[in-house]
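Undergrad: structure for the following, please:
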Amino acid sequence: MGRWFAFFLVFGVLLPELAPLPASEPQRVGIENFERYPTGAYPDRWRFLTSSREFLPLSAVMNERKECRVRQEAQNKFLRCVTRGEALRITLVNREDFALDWDLRQHPRLRWRWRAVHLPASAREDRRHWNDSGGAVYVTFGTDWLGRPISIKYTYSSLLPAETVVDYGPLKVLVVSSGIDGMGPWVSVERDVMADYQRLFGKEPPSRPLSLTIWSDSDNTKDYAIVDFDDFELLPAIAAIR
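TA: Here you go, the predicted structure:
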(Lines give C-alpha, C1' and ligand atoms only; values in the text may rest on other atoms or scores of the structure.)
Protein backbone atom coordinates (compact mmCIF):
# COMPACT_ATOMS: atom_id res chain seq x y z
CA MET A 1 0.00 0.00 0.00
CA GLY A 2 2.82 2.39 0.94
CA ARG A 3 4.62 1.75 -2.34
CA TRP A 4 1.49 2.47 -4.41
CA PHE A 5 0.75 5.55 -2.31
CA ALA A 6 4.26 6.88 -2.97
CA PHE A 7 3.86 6.10 -6.68
CA PHE A 8 0.62 8.06 -6.93
CA LEU A 9 2.11 10.89 -4.82
CA VAL A 10 5.08 11.24 -7.15
CA PHE A 11 2.88 10.83 -10.22
CA GLY A 12 0.59 13.55 -8.89
CA VAL A 13 3.52 15.90 -8.33
CA LEU A 14 5.01 15.29 -11.73
CA LEU A 15 1.70 15.39 -13.58
CA PRO A 16 -1.09 17.71 -12.36
CA GLU A 17 -4.57 16.33 -12.05
CA LEU A 18 -5.83 15.57 -15.51
CA ALA A 19 -8.64 17.89 -16.54
CA PRO A 20 -11.39 16.76 -18.88
CA LEU A 21 -10.80 17.57 -22.50
CA PRO A 22 -12.28 20.94 -23.40
CA ALA A 23 -15.34 21.07 -25.58
CA SER A 24 -14.67 21.96 -29.17
CA GLU A 25 -14.29 25.70 -29.57
CA PRO A 26 -15.84 27.78 -32.33
CA GLN A 27 -13.70 28.44 -35.36
CA ARG A 28 -13.79 31.26 -37.87
CA VAL A 29 -16.52 30.93 -40.45
CA GLY A 30 -16.30 32.32 -43.95
CA ILE A 31 -19.48 34.12 -44.99
CA GLU A 32 -18.64 35.37 -48.45
CA ASN A 33 -15.55 35.78 -50.61
CA PHE A 34 -17.39 36.01 -53.99
CA GLU A 35 -15.26 33.27 -55.55
CA ARG A 36 -18.30 31.11 -56.35
CA TYR A 37 -19.76 33.58 -58.86
CA PRO A 38 -18.85 34.20 -62.49
CA THR A 39 -17.08 37.48 -63.15
CA GLY A 40 -19.65 40.13 -64.00
CA ALA A 41 -22.50 38.32 -62.20
CA TYR A 42 -24.69 39.50 -59.38
CA PRO A 43 -23.98 37.63 -56.11
CA ASP A 44 -27.26 35.70 -56.05
CA ARG A 45 -26.98 34.50 -52.43
CA TRP A 46 -27.73 38.11 -51.52
CA ARG A 47 -31.17 39.66 -51.91
CA PHE A 48 -32.82 43.05 -52.00
CA LEU A 49 -35.15 43.42 -49.01
CA THR A 50 -38.05 45.79 -49.68
CA SER A 51 -39.67 48.03 -47.07
CA SER A 52 -42.52 45.52 -46.95
CA ARG A 53 -39.97 42.76 -46.18
CA GLU A 54 -40.25 41.09 -49.53
CA PHE A 55 -37.11 39.51 -50.96
CA LEU A 56 -36.27 40.31 -54.55
CA PRO A 57 -33.42 39.00 -56.70
CA LEU A 58 -30.75 41.58 -57.40
CA SER A 59 -31.50 41.52 -61.11
CA ALA A 60 -34.90 43.06 -60.33
CA VAL A 61 -33.45 46.22 -58.79
CA MET A 62 -30.05 46.83 -60.35
CA ASN A 63 -29.59 49.29 -63.22
CA GLU A 64 -26.95 51.56 -64.76
CA ARG A 65 -27.16 53.96 -61.78
CA LYS A 66 -26.83 51.35 -59.02
CA GLU A 67 -25.33 47.91 -59.20
CA CYS A 68 -23.18 45.37 -57.40
CA ARG A 69 -21.27 42.96 -59.62
CA VAL A 70 -18.48 40.47 -59.07
CA ARG A 71 -15.14 41.61 -60.47
CA GLN A 72 -11.76 39.92 -60.71
CA GLU A 73 -8.16 41.04 -60.37
CA ALA A 74 -5.42 38.47 -60.86
CA GLN A 75 -6.69 35.38 -59.00
CA ASN A 76 -9.07 37.19 -56.64
CA LYS A 77 -12.78 37.89 -57.06
CA PHE A 78 -14.54 40.64 -55.13
CA LEU A 79 -17.76 42.65 -55.22
CA ARG A 80 -17.82 46.13 -56.73
CA CYS A 81 -20.74 48.38 -55.71
CA VAL A 82 -21.40 51.49 -57.78
CA THR A 83 -24.01 54.19 -57.19
CA ARG A 84 -24.55 57.30 -59.26
CA GLY A 85 -26.86 59.63 -57.32
CA GLU A 86 -28.67 56.55 -55.99
CA ALA A 87 -28.72 54.18 -53.00
CA LEU A 88 -28.50 50.41 -52.94
CA ARG A 89 -28.45 47.61 -50.42
CA ILE A 90 -28.04 43.85 -50.64
CA THR A 91 -28.75 41.57 -47.71
CA LEU A 92 -28.00 38.16 -46.24
CA VAL A 93 -30.73 37.06 -43.83
CA ASN A 94 -29.59 35.30 -40.66
CA ARG A 95 -31.54 32.07 -40.77
CA GLU A 96 -30.17 28.55 -40.50
CA ASP A 97 -32.05 27.56 -43.66
CA PHE A 98 -30.89 30.68 -45.48
CA ALA A 99 -27.49 32.05 -46.48
CA LEU A 100 -26.21 33.05 -43.03
CA ASP A 101 -26.12 31.33 -39.63
CA TRP A 102 -24.72 33.74 -37.03
CA ASP A 103 -24.84 33.42 -33.25
CA LEU A 104 -23.02 36.26 -31.48
CA ARG A 105 -22.36 34.03 -28.48
CA GLN A 106 -20.19 31.83 -30.68
CA HIS A 107 -18.89 34.45 -33.11
CA PRO A 108 -19.03 37.97 -31.68
CA ARG A 109 -16.56 39.40 -34.21
CA LEU A 110 -17.06 40.31 -37.86
CA ARG A 111 -14.22 40.81 -40.33
CA TRP A 112 -14.19 42.01 -43.92
CA ARG A 113 -12.07 44.11 -46.22
CA TRP A 114 -12.99 46.91 -48.57
CA ARG A 115 -11.47 49.40 -50.95
CA ALA A 116 -12.73 52.90 -51.74
CA VAL A 117 -12.16 53.75 -55.40
CA HIS A 118 -14.31 56.89 -55.14
CA LEU A 119 -16.39 58.28 -52.29
CA PRO A 120 -19.13 60.91 -52.72
CA ALA A 121 -17.65 64.39 -52.33
CA SER A 122 -18.74 66.41 -49.28
CA ALA A 123 -20.64 63.44 -47.83
CA ARG A 124 -20.77 63.16 -44.07
CA GLU A 125 -22.94 60.91 -41.96
CA ASP A 126 -23.55 63.54 -39.29
CA ARG A 127 -25.44 65.91 -41.64
CA ARG A 128 -28.82 64.73 -42.88
CA HIS A 129 -28.64 66.67 -46.15
CA TRP A 130 -25.17 65.26 -46.89
CA ASN A 131 -25.68 61.84 -45.35
CA ASP A 132 -24.16 59.54 -47.95
CA SER A 133 -21.85 56.59 -47.29
CA GLY A 134 -19.98 55.33 -50.31
CA GLY A 135 -19.56 52.03 -48.51
CA ALA A 136 -21.23 50.61 -45.42
CA VAL A 137 -21.92 47.30 -43.70
CA TYR A 138 -25.08 47.08 -41.61
CA VAL A 139 -25.72 44.57 -38.84
CA THR A 140 -29.44 44.63 -38.00
CA PHE A 141 -30.71 43.18 -34.72
CA GLY A 142 -34.47 43.80 -34.71
CA THR A 143 -36.93 46.69 -34.67
CA ASP A 144 -37.98 49.24 -32.07
CA TRP A 145 -41.55 49.91 -30.94
CA LEU A 146 -42.10 52.09 -34.02
CA GLY A 147 -40.94 49.34 -36.34
CA ARG A 148 -37.63 51.05 -37.15
CA PRO A 149 -34.64 48.73 -37.67
CA ILE A 150 -32.17 48.55 -34.79
CA SER A 151 -28.81 48.51 -36.54
CA ILE A 152 -25.13 49.30 -36.38
CA LYS A 153 -23.94 50.87 -39.61
CA TYR A 154 -20.19 50.51 -40.10
CA THR A 155 -19.17 53.08 -42.70
CA TYR A 156 -16.36 54.05 -45.02
CA SER A 157 -16.90 57.79 -44.57
CA SER A 158 -15.85 60.46 -47.04
CA LEU A 159 -14.95 63.06 -44.42
CA LEU A 160 -15.49 61.85 -40.85
CA PRO A 161 -12.54 60.33 -38.97
CA ALA A 162 -12.48 56.71 -37.89
CA GLU A 163 -14.30 55.88 -34.63
CA THR A 164 -16.75 58.77 -35.07
CA VAL A 165 -20.20 57.77 -33.78
CA VAL A 166 -23.41 59.32 -35.09
CA ASP A 167 -26.63 58.54 -33.24
CA TYR A 168 -29.89 58.32 -35.16
CA GLY A 169 -31.91 56.63 -32.44
CA PRO A 170 -32.22 52.94 -33.34
CA LEU A 171 -29.49 53.42 -35.97
CA LYS A 172 -25.95 53.87 -34.68
CA VAL A 173 -23.43 54.93 -37.30
CA LEU A 174 -19.82 53.99 -36.56
CA VAL A 175 -17.07 55.17 -38.90
CA VAL A 176 -14.48 52.41 -39.25
CA SER A 177 -12.63 53.66 -42.36
CA SER A 178 -12.23 57.20 -43.64
CA GLY A 179 -11.43 58.88 -46.91
CA ILE A 180 -9.36 61.45 -45.03
CA ASP A 181 -6.79 58.66 -44.55
CA GLY A 182 -6.65 58.16 -48.31
CA MET A 183 -8.32 55.87 -50.82
CA GLY A 184 -7.17 53.13 -53.16
CA PRO A 185 -5.65 50.28 -51.11
CA TRP A 186 -7.63 47.47 -49.56
CA VAL A 187 -8.42 48.08 -45.88
CA SER A 188 -9.18 45.27 -43.45
CA VAL A 189 -11.85 45.86 -40.80
CA GLU A 190 -12.46 43.72 -37.74
CA ARG A 191 -15.17 44.61 -35.22
CA ASP A 192 -16.36 42.98 -32.03
CA VAL A 193 -20.04 43.42 -32.85
CA MET A 194 -21.19 42.35 -29.41
CA ALA A 195 -18.91 44.89 -27.71
CA ASP A 196 -19.92 47.61 -30.17
CA TYR A 197 -23.60 46.96 -29.46
CA GLN A 198 -23.03 47.06 -25.71
CA ARG A 199 -21.19 50.36 -26.00
CA LEU A 200 -23.58 52.02 -28.45
CA PHE A 201 -26.90 50.79 -27.04
CA GLY A 202 -25.93 50.30 -23.39
CA LYS A 203 -27.22 46.73 -23.12
CA GLU A 204 -26.66 43.20 -24.33
CA PRO A 205 -27.50 42.48 -27.98
CA PRO A 206 -29.81 39.71 -29.13
CA SER A 207 -27.84 36.53 -29.63
CA ARG A 208 -28.78 36.33 -33.30
CA PRO A 209 -28.70 39.41 -35.55
CA LEU A 210 -31.44 39.52 -38.16
CA SER A 211 -29.27 40.27 -41.16
CA LEU A 212 -26.05 41.51 -42.70
CA THR A 213 -26.29 44.19 -45.39
CA ILE A 214 -23.86 45.76 -47.85
CA TRP A 215 -24.76 49.39 -48.58
CA SER A 216 -23.70 52.23 -50.83
CA ASP A 217 -25.35 55.58 -51.52
CA SER A 218 -24.65 58.90 -53.21
CA ASP A 219 -28.20 60.23 -53.57
CA ASN A 220 -27.95 63.18 -51.18
CA THR A 221 -24.74 64.58 -52.63
CA LYS A 222 -25.75 63.71 -56.22
CA ASP A 223 -22.21 62.45 -56.72
CA TYR A 224 -21.07 58.86 -57.25
CA ALA A 225 -19.45 56.07 -55.25
CA ILE A 226 -17.35 53.05 -56.18
CA VAL A 227 -16.44 50.72 -53.30
CA ASP A 228 -15.19 47.12 -53.41
CA PHE A 229 -16.00 44.46 -50.77
CA ASP A 230 -14.45 41.08 -50.03
CA ASP A 231 -13.72 38.31 -47.51
CA PHE A 232 -16.53 38.50 -44.95
CA GLU A 233 -15.82 36.24 -41.95
CA LEU A 234 -17.24 35.50 -38.51
CA LEU A 235 -14.68 35.08 -35.74
CA PRO A 236 -14.91 33.73 -32.19
CA ALA A 237 -13.97 35.77 -29.15
CA ILE A 238 -10.26 36.50 -28.89
CA ALA A 239 -9.90 34.33 -25.80
CA ALA A 240 -11.23 31.36 -27.76
CA ILE A 241 -8.50 31.56 -30.40
CA ARG A 242 -5.59 29.21 -29.86
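Undergrad: roughly how far apart are Thr221 and Trp145?
TA: 32 Å (CB to CB, to the nearest Å). (C-beta placed from N, C-alpha, C; glycine too.)
Undergrad: Gln72 now?
TA: 45 Å.
Undergrad: please apply the same query to Leu212.
TA: From Leu212 over to Trp145 (counting by CB to CB), the distance is 24 Å.
Undergrad: so the two - more neighbours on which side?
TA: A side-by-side neighbour count of Leu212 and Trp145, using other CB atoms under 10 Å, places Leu212 first with 25 against 6.
Undergrad: check contacts around that one.
TA: Ile31, Thr91, Leu92, Asn94, Leu100, Trp102, Leu110, Val137, Tyr138, Val139, Thr140, Phe232 (CB atoms under 8 Å, 6 or more residues apart in numbering).
Undergrad: now, which of these lie within strands?
TA: Per DSSP state E, strands hold the following members of the contacts of Leu212: Ile31, Thr91, Leu92, Leu110, Val137, Tyr138, Val139, Thr140, Phe232.
Undergrad: which one of the residues you listed is nearest to Arg53?
TA: Among these, Thr91 lies closest to Arg53 (CB to CB), at 10.6 Å.
Undergrad: partners of the closest one in the sheet?
TA: Going by DSSP bridges, Thr91 is paired in beta bridges with Arg47, Thr213.
Undergrad: still on that earlier bit, please spell out the PyMOL selection for the buried subset of the ones in strands among the contacts of Leu212.
TA: Burial among the ones in strands among the contacts of Leu212 is assessed by 16 or more other CB atoms under 10 Å; the matching PyMOL selection reads:
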select buried, resi 31+91+92+110+137+138+139+140+232
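Undergrad: out of the ones in strands among the contacts of Leu212, who's nearest Tyr156?
TA: Nearest to Tyr156, judged by CB to CB, of those is Val137 at 8.9 Å.
Undergrad: how about that closest one, what does it touch?
TA: Applying CB under 8 Å, 6+ apart, one finds that Val137 lies in contact with Leu110, Trp112, Lys153, Tyr154, Val189, Leu212, Thr213, Ile214, Trp215, Phe229.
Undergrad: please indicate which of these are buried?
TA: Leu110, Trp112, Lys153, Tyr154, Leu212, Thr213, Ile214, Trp215, Phe229.
Undergrad: tabulate those residues in a markdown table, adding columns for distance to Ala121 and pLDDT.
TA: Formatted as a markdown table, these follow (distance: CB to CB, whole Å; pLDDT from 0 to 100):
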| residue | distance to Ala121 | pLDDT |
| --- | --- | --- |
| Leu110 | 29 | 98 |
| Trp112 | 25 | 98 |
| Lys153 | 20 | 98 |
| Tyr154 | 21 | 98 |
| Leu212 | 28 | 97 |
| Thr213 | 24 | 97 |
| Ile214 | 22 | 98 |
| Trp215 | 18 | 98 |
| Phe229 | 21 | 98 |
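Undergrad: can I get those residues in CSV with distance to Leu200?
TA: Converted to CSV, these look like this (distance: CB to CB, whole Å):
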residue, distance to Leu200
Leu110, 14
Trp112, 19
Lys153, 10
Tyr154, 11
Leu212, 17
Thr213, 17
Ile214, 20
Trp215, 18
Phe229, 23
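Undergrad: quick check, nearest of those to Arg128?
TA: Set against Arg128, the nearest of those by CB to CB is Lys153 (14.3 Å).
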